[in-house]
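**Q** sequence? don't have it. structure:
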């Protein structure tokens, strides 16, 4: 099949290049486009102008931006990735700058205006890897009772004999002294686990793992989406994996990376991100151009596929991340489109879509939220992550979006069919990766400068 041979040549060429200069695959190869958000080492080349207004807008004020001290023995600094918070501590992942291995940085937020770095972990487990995503939850199983951290591990150089991909498990019941418990390994020839989520089902702890391109690189022996039982963190076990071919609209057209969409287009299909609702009953899986897939995971060994979001024929899919709102009846889907000019598609950077999912078998589109960056497309040099939406978080009726050069954008979703921007935080040279709501604070992570703590001026709840 011509298409399959072409895809293979593209992906293999990237892998061959990675043998010389360690790097990671882009989220969507788009043929000859390979853009990875963390590959640049000089962030001064971001050309998106600072948006009008100050970084203190309406109810968002920056109260802390701690200097990220260099903690590596070689004296080099990493770039930064996602942010999470648990019991008054912030956990900041690291990206690929200077060869990765930056681990997870832990900050005490007892005084949110003066965060204190108290620990670093998962930084010396495997060479030439990066630790982007960390989720921390209180876990109570027959094998472990405490606070458990799961950390994604991705490989910069799969040829290194000691490099591995997957995710690490750490006991952070005492965040000042994290203790390694176990490791779940994906196939050696894959990228590793990109994003993940930890949830509880009764007395069972499970991880939803997103390991992009695993279907392709292992020829279906392992899958992009896997459910792993981590009830015993020292002995994680894969209990289920998803084969996209089980869906009638995919079937045998899926070659491990592309599929023949019902709209007549050949679209990329891989698992980028995972999450679960607070009950642990439902999982929301971002499968790029297949949309956001919804599963009933009450029995993690036998999940039930319920439905998915779909795209208009002129839309690039790029389902990147998701979150839910209004008691699980609303789904927020962010789309990371960084190549806005493609034949057969609308010209736009990635924006947010909001769905009614009262009937999870049939998500219904309510609205689309776009910004001034969405259609700001220059004739040249228009491939950039700086203008696309990235990650979503919801607190009450407020949606918070990390937006790279747009910083953090707060959106009123009281009327989900009419989302309205209500505040924006855009620091100088913004390149904001992640956002997380912690008590009355909004945490942000900037790829270049690390942790930011934002305060809502008013103390009222959303």
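**A** Now that the structure is in, tell me what you want to look at. For clarity, every value in this text was computed on a predicted model and none was experimentally measured. Residues are numbered from 1 along each chain as shown.

**Q** okay, now residue 414: neighbour count?
**A** In terms of burial, residue 414 registers 12 neighbours under the definition other CB atoms under 10 Å. (Glycine included, C-beta is placed from N, CA and C.)

**Q** distance of it relative to residue 400?
**A** Here the criterion is CB to CB, to the nearest Å. By it, residue 414 lies 15 Å from residue 400.

**Q** now swap in residue 226 and tell me
**A** As it turns out, when the distance is counted by CB to CB, residue 226 lies 29 Å from residue 400.

**Q** with residue 308 instead?
**A** Noted for residue 308: a distance of 25 Å to residue 400, by CB to CB.

**Q** which residues in the chain form helices?
**A** Chain-ordered helices for the chain, with DSSP state H as the definition, fall at 2-20, 214-217.

**Q** weakest of these in terms of mean pLDDT?
**A** For these, the weakest mean pLDDT is recorded on helix 2-20, namely a mean of 39.

**Q** who touches residue 102 in this structure?
**A** Going by CB atoms under 8 Å, 6 or more residues apart in numbering, residue 102 touches 72, 78-80, 94-95, 123, 130-131.

**Q** who's more crowded, residue 308 and residue 400?
**A** Just comparing residue 308 and residue 400: by other CB under 10 Å the higher neighbour count belongs to residue 400, 26 against 21.

**Q** across the sheet, point out what pairs with that one.
**A** Residues found in beta-bridge contact with residue 400 (criterion: DSSP bridges) are residue 393, residue 410.

**Q** about what we covered before: in the contacts of residue 102, which residue is surrounded by the most others?
**A** Neighbours were tallied for each of these (criterion: other CB under 10 Å), and the maximum of 31 neighbours falls on residue 94.

**Q** before we move on, back to that, and the contacts of residue 102, which is closest to residue 215?
**A** Compare each of these with residue 215 using CB to CB and the shortest gap goes to residue 130, at 21.6 Å.

**Q** how about that closest one: what's its closest non-neighbour residue?
**A** residue 100 (3.7 Å; CB to CB, 6 or more residues apart in numbering).

**Q** and if you look at residue 373?
**A** residue 387 (4.1 Å).

**Q** again with residue 227
**A** Across the structure, with CB to CB, 6+ apart as the measure, the residue nearest residue 227 apart from its sequence neighbours is residue 240 (4.4 Å).

**Q** residues in contact with that neighbour?
**A** Counting by CB under 8 Å, 6+ apart, residue 240 makes contact with 226-227, 300-303.

**Q** any figure for the gap between it and residue 246?
**A** Residue 240 sits 12 Å away from residue 246 when distances are taken as CB to CB.

**Q** ditto for residue 270
**A** Going from residue 270 to residue 246 by CB to CB gives 16 Å.

**Q** how about residue 289?
**A** Using CB to CB, which is the criterion applied here, residue 289 is 17 Å from residue 246.
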